[in-house]
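Peer 1: For reference, the sequence and a predicted model appear below.
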Amino acid sequence: MPDIIYLDNAATTRLRPEVLDAMMPYLTEKYANPSSIHSFGAECNAACEESRKTIAKMINAKDNEIYFTSGGSESDNWAIKSAAYMRKDKGKHIITSAIEHHAVMETCEFLARDGFEITFVGVDDKGILKLDELKAAIRPDTILISVIYANNEIGTIQPIKEMGEIARSKGILFHTDAVQAFGHVPIDVEKENIDLLSASAHKIHGPKGIGMLYMKNNIKLTPMIHGGPHERRRRAGTLNVPGIVGFGRAAELCRGSMEECAVELTKKRNYLIDRILKEIPHSRLNGDREKRLPGNANISFRYIEGESMLMLVDMKGIAASTGSACASGSLDPSHVLLAIGLPHEIAHGSLRMTLSDYTTKEELDYTVEALKEVVARLRAMSPLYEDAVKNKEV
Amino acid sequence: MQYSNKVMDHFTNPRNVGEIENASGVGTVGNAKCGDIMRVYLDIDDNGFIKDVKFKTFGCGAAVATSSMATELIKGKHIDEALKLTNRSVMEALDGLPAIKVHCSVLAEEAVRAALWDYSEKRGLKIDGLEKPVDDIHDSHHEDLHEDD
């Protein structure tokens, strides 16, 4: 058993050794600036273009529709802010969902302070966006729809194709934050009517600090970072060559084995979910069982609080995550868990475990045993559990 | 966010966890909405000394640690001493808390006072400086507690 059982792959993933191998030359001897005219620079440029091709192919985009950025948050900010300011003469209404990542949610809130109107469309109890609500929210002045492809907390995969169709039929730009989905589920920007898509390398065993924005060719967003001819003048800054090469290699490794990996990962995830739900009373799965990222398990344990659970499993060598308020620095638990209708008390008791190809069955068995112990220990000191026992609810 | 060693110690080995049957006073504060609930049980002798104290807490690491420390600080003490317990003394005894966790120490103070209030009600006593506990600590203290966030 390794020292750390890493079940926080939605936060970030370990770098694959093959990815590091691909990056190494560009961290060492191949250090030229890809914008330089000399052949030394051209070699680095060629490596970046190879990565661009691989990444484009993965989502059925054209090479020149991929723009490298510093990561998912930058891509989200760029897509939403530039789309909003470019189209502000047409209208100032933006539609998004109630379960966005903070990079989208807070960008929209920023725009709201600058005179834009934002509608947050709700989701059902599994976390799937209500398409009829989306349709009803559209107004003549709606300029952008942005909905997360697959949620980072509960893993729910959205009906993106349907949303894309709705947006396109109304001439509204459609952006999706696909940071959690990219490389894990098949994406086709053409079939799914996606205009803008954000993705990141470090969620697919690539390096941190590199991501991309897919921008459909007929959409020419204004730059958010000015300062040079890079990325067809739309995103200035010397290219992060090792990062881009690593991103490309990580994507290539996903593409080669995505279906197989998804099947294997789903099996492992279901094994974990089934054991927990069966062996730990008063636990519930958050999110949809089927329309779910292969590696995501998000479970609420009643009568106990997430941060203390997280700390105790951490002491047993397990790295996980929680939607509890105490872990977020506010008094409110995760907006995603509240959006699917969980009462605060149950949202506070959530634990997110996100698996990767590296996760073994042995690790999952250990995790279930550790959880049983931790949950029992915390319930023994919970006044809510005490009341439930007295009221014969348990 | 980093917890002190003392907080970690009281979180991993909390003192005085449990219930007291037929307790002299029981106080529950907080609410599940905010993610912390503390319940304190007191066993007080005829001379007003706290012979035993137990707690149960639903909450984060800091909530557990502050409950544990608060009970340690009042155990064996006279109720007059226990009334002097403040969130600051609980925090100091724990070598400090992260700013966003200060409200947990307030909750611990309130839980002790709520249990003492219950004791005074049961005994028909009037204890100086003790008021009926606030129903929802977070609703009343939310703003001023988070000034330094």
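Peer 2: All right, it came through fine. Residues are numbered from 1 along each chain as shown, chains lettered A, B, ... in the order given.
Peer 1: Show me what residue B:27 is bridged to.
Peer 2: In this entry, residue B:27 is beta-bridged to residue B:40, by DSSP bridges.
Peer 1: With adjacent residues omitted, what lies nearest to residue 71?
Peer 2: No chain in the question, so chain A it is. residue A:211 (3.9 Å; C-beta to C-beta, 6 or more residues apart in numbering or on different chains). The C-beta positions use only the backbone N, C-alpha and C, and glycine is treated the same way.
Peer 1: Correction: the question concerned chain B.
Peer 2: Nearest to residue B:71 is residue B:16, by C-beta to C-beta, 6+ apart, at 4.0 Å.
Peer 1: Contacts only, for the residue nearest to residue A:71.
Peer 2: A:68-72, A:74-75, A:179, A:198-201, A:247 (C-beta atoms under 8 Å, 6 or more residues apart in numbering or on different chains).
Peer 1: Look up the pLDDT of it for me, please.
Peer 2: Note for residue A:211: predicted pLDDT of 98.
Peer 1: and if you look at residue B:103?
Peer 2: With respect to pLDDT, residue B:103 has a value of 89.
Peer 1: and if you look at residue A:330?
Peer 2: You'll see residue A:330 listed with a pLDDT of 64.
Peer 1: do residue B:99 as well
Peer 2: In this prediction, residue B:99 carries a pLDDT score of 89.
Peer 1: roughly how far apart are it and residue A:85?
Peer 2: 36 Å (C-beta to C-beta, to the nearest Å).
Peer 1: Show me the strands in chain B, by range?
Peer 2: For chain B, the strands defined by DSSP state E occupy B:25-31, B:36-44, B:50-58.
Peer 1: Please point out which parts of stretch B:5-19 sit buried.
Peer 2: B:7-11, B:14, B:16-17 (16 or more other C-beta atoms under 10 Å in any protein chain shown).
Peer 1: Repeat that for stretch A:103-121.
Peer 2: By 16+ other C-beta under 10 Å, the buried positions in stretch A:103-121 come out as A:103-105, A:107-108, A:111, A:116, A:118-121.
Peer 1: export these to CSV and tack on pLDDT?
Peer 2: Shown next, in CSV, are the buried residues of stretch A:103-121 (pLDDT from 0 to 100):
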residue, pLDDT
A:103, 96
A:104, 97
A:105, 96
A:107, 98
A:108, 98
A:111, 98
A:116, 98
A:118, 98
A:119, 98
A:120, 98
A:121, 98
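Peer 1: quick one: which of those is nearest to residue A:172?
Peer 2: The closest of the buried residues of stretch A:103-121 to residue A:172 turns out to be residue A:119 (C-beta to C-beta; 12.1 Å).
Peer 1: element containing that closest one?
Peer 2: When elements are defined using DSSP states H and E, residue A:119 is found to belong to strand A:117-121.
Peer 1: ok, back up a step: and the residue nearest to residue B:71, what does it touch?
Peer 2: The contact partners of residue B:16, by C-beta under 8 Å, 6+ apart, come to B:53-55, B:68, B:71-72, B:75.
Peer 1: Repeat that for residue A:130.
Peer 2: Applying C-beta under 8 Å, 6+ apart, the residues near residue A:130 are A:121-124.
Peer 1: how much space between the residue nearest to residue A:71 and residue A:163?
Peer 2: Look at residue A:211 and residue A:163: by C-beta to C-beta, they are 22 Å apart.
Peer 1: What of residue A:123?
Peer 2: If you measure residue A:123 against residue A:163 using C-beta to C-beta, the figure is 12 Å.
Peer 1: List the residues that are in contact with both of these two.
Peer 2: The contact sets of residue A:123 and residue A:163 overlap at residue A:129 (C-beta under 8 Å, 6+ apart).
Peer 1: Tell me, how many residues neighbour the nearest residue to residue B:43 once chain neighbours are set aside?
Peer 2: Counting by C-beta to C-beta, 6+ apart, residue B:43 lies nearest to residue B:52, which is 4.0 Å off, once chain neighbours are set aside. If you count neighbours by other C-beta atoms under 10 Å in any protein chain shown, residue B:52 ends up with 17.
Peer 1: average model confidence for stretch B:15-23?
Peer 2: Here the average pLDDT along stretch B:15-23 is 96.
Peer 1: likewise stretch A:62-78?
Peer 2: For stretch A:62-78, mean pLDDT rounds to 98.
Peer 1: Tell me the buried residues in that stretch?
Peer 2: A:65-78.
Peer 1: Likewise for stretch B:82-90?
Peer 2: Within stretch B:82-90, the residues that count as buried by 16+ other C-beta under 10 Å are B:82-83, B:85-87, B:89-90.
Peer 1: Ok, stretch B:21-39 next?
Peer 2: Of the residues in stretch B:21-39, B:23-39 count as buried by neighbour count, 16+ other C-beta under 10 Å.
Peer 1: Next: stretch A:94-105.
Peer 2: In stretch A:94-105, the ones that count as buried by 16+ other C-beta under 10 Å are A:94-101, A:103-105.
Peer 1: and if you look at stretch A:158-172?
Peer 2: For stretch A:158-172, the neighbour count (16+ other C-beta under 10 Å) marks A:158-160, A:163-164, A:166-167, A:172 as buried.
Peer 1: and if you look at stretch A:47-65?
Peer 2: Neighbour-count burial for stretch A:47-65, counted by 16+ other C-beta under 10 Å, picks out A:47-48, A:50-52, A:54-56, A:58-59, A:61, A:65.
Peer 1: is it possible to export these to JSON lines including secondary structure and distance to residue A:27?
Peer 2: Formatted as JSON lines, the buried residues of stretch A:47-65 follow (DSSP: H, G, I helix; E, B strand; the rest coil; distance: C-beta to C-beta, whole Å):
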{"residue": "A:47", "secondary structure": "helix", "distance to residue A:27": "12"}
{"residue": "A:48", "secondary structure": "helix", "distance to residue A:27": "14"}
{"residue": "A:50", "secondary structure": "helix", "distance to residue A:27": "17"}
{"residue": "A:51", "secondary structure": "helix", "distance to residue A:27": "15"}
{"residue": "A:52", "secondary structure": "helix", "distance to residue A:27": "19"}
{"residue": "A:54", "secondary structure": "helix", "distance to residue A:27": "19"}
{"residue": "A:55", "secondary structure": "helix", "distance to residue A:27": "20"}
{"residue": "A:56", "secondary structure": "helix", "distance to residue A:27": "24"}
{"residue": "A:58", "secondary structure": "helix", "distance to residue A:27": "24"}
{"residue": "A:59", "secondary structure": "coil", "distance to residue A:27": "27"}
{"residue": "A:61", "secondary structure": "coil", "distance to residue A:27": "28"}
{"residue": "A:65", "secondary structure": "helix", "distance to residue A:27": "28"}
